[in-house]
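Colleague: the following block contains a protein sequence and its predicted model.
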Amino acid sequence: MTKPREDETRTIIVAITGASGAPYGVRMLTLLRDQPGIETHLIVSRAGVLTLRHECGLSLRDVEALADVTYRPGDVGAAIASGSFHADAMVVAPCSIKTLSAIAWTYADDLISRAADVCLKEGRPLLLLVRETPLHLGHLRAMTAAAEAGAIIAPPVPAFYAQPVSIEDLVDHTARRALARVGVREVAPKPWQGEIGGRAADRPE
């Protein structure tokens with residue numbers, strides 16, 4: 001396949017934080033890696049490194065190998081910390097309550113929250129795969145504040161209508177739905193066809 005021109009390349013930022021759900025971020029990176037014309041920029045929080053090791057058996061280096069460009073959380077002078085750098089979308093998968101709170105109230109003290117804040121102020125898609133349950137009022141208020149600022153709140157709720165047969169199926173479906181929501185439609189899961197099929201309208205002969 002012909003390599004896309006530079007001006008056709010889309011940039012997607014992926015952040016992985018310390019909430020349970022590291023497989024979602026990893027699956028998104030693998031899906032994006034297989035798409036021509038997409039460049040991925042990855043940030044993993046310190047707690048995210050621990051979660052990746054525990055839930056996926058992967059090291060930081062393993063996961064960084066899936067991305068085109070990588071950063072450390074303290075790289076606040078990175079290109080993606082500026083609105084002058086164009087990113088097409090950002091996903092935080094999973095998104096811890098700590099990171100959600102920093103984004104909701106613009107406490108941009110690391111590169112993840114700063115890059116997210118840039119997406120919001122520039123009007124670019126930002127999806128937060130918030131992973132926590134049960135939710136108390138403070139969590140709900142943080143989600144409301146982030147949503148009011150323009151973020152997409154997308155808790156990783158499994159979809160059983162697709163009849164998954166494995167945990168991998170559940171992770172894959174959620175990852176695909178999230179990426180499609182921020183504009184990467186080519187990885188969208190097969191659409192639901194309905195319990196009752198549509199019928200062609202009667203037409204005169």
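Modeller: Arrived safely.

Colleague: so where's the chain uncertain?
Modeller: Residues of the chain meeting the criterion pLDDT under 70: 1-7, 197-205.

Colleague: how near is residue 28 to residue 106?
Modeller: Here residue 28 is placed at a distance of 25 Å from residue 106 (C-beta to C-beta, to the nearest Å). Every residue, glycine included, has its C-beta placed from N, CA and C.

Colleague: looking at these two, which is more packed in?
Modeller: Using other C-beta atoms under 10 Å, the more surrounded residue of residue 28 and residue 106 is residue 28, with 28 against 14.

Colleague: how about the more buried one, what does it touch?
Modeller: 14, 91, 93, 175, 178-179 (C-beta atoms under 8 Å, 6 or more residues apart in numbering).

Colleague: can you tell me which of those are in helices?
Modeller: Here DSSP state H is the test, and the contacts of residue 28 give 175, 178-179 as lying in helices.

Colleague: residue 162 touches residue 173, doesn't it?
Modeller: Yes: between residue 162 and residue 173 a contact is recorded at 5.5 Å, counting by C-beta atoms under 8 Å.

Colleague: element containing residue 183?
Modeller: Per DSSP states H and E, residue 183 falls between elements, in no helix or strand.

Colleague: what's the spacing between it and residue 193?
Modeller: Distance, residue 183 to residue 193, by C-beta to C-beta: 23 Å.

Colleague: more neighbours: these two, which one.
Modeller: Of the pair residue 183 and residue 193, residue 183 is the one with more neighbours under other C-beta under 10 Å, namely 13 against 8.

Colleague: gap between that one and residue 165?
Modeller: Relative to residue 165, residue 183 is positioned 29 Å away (C-beta to C-beta).
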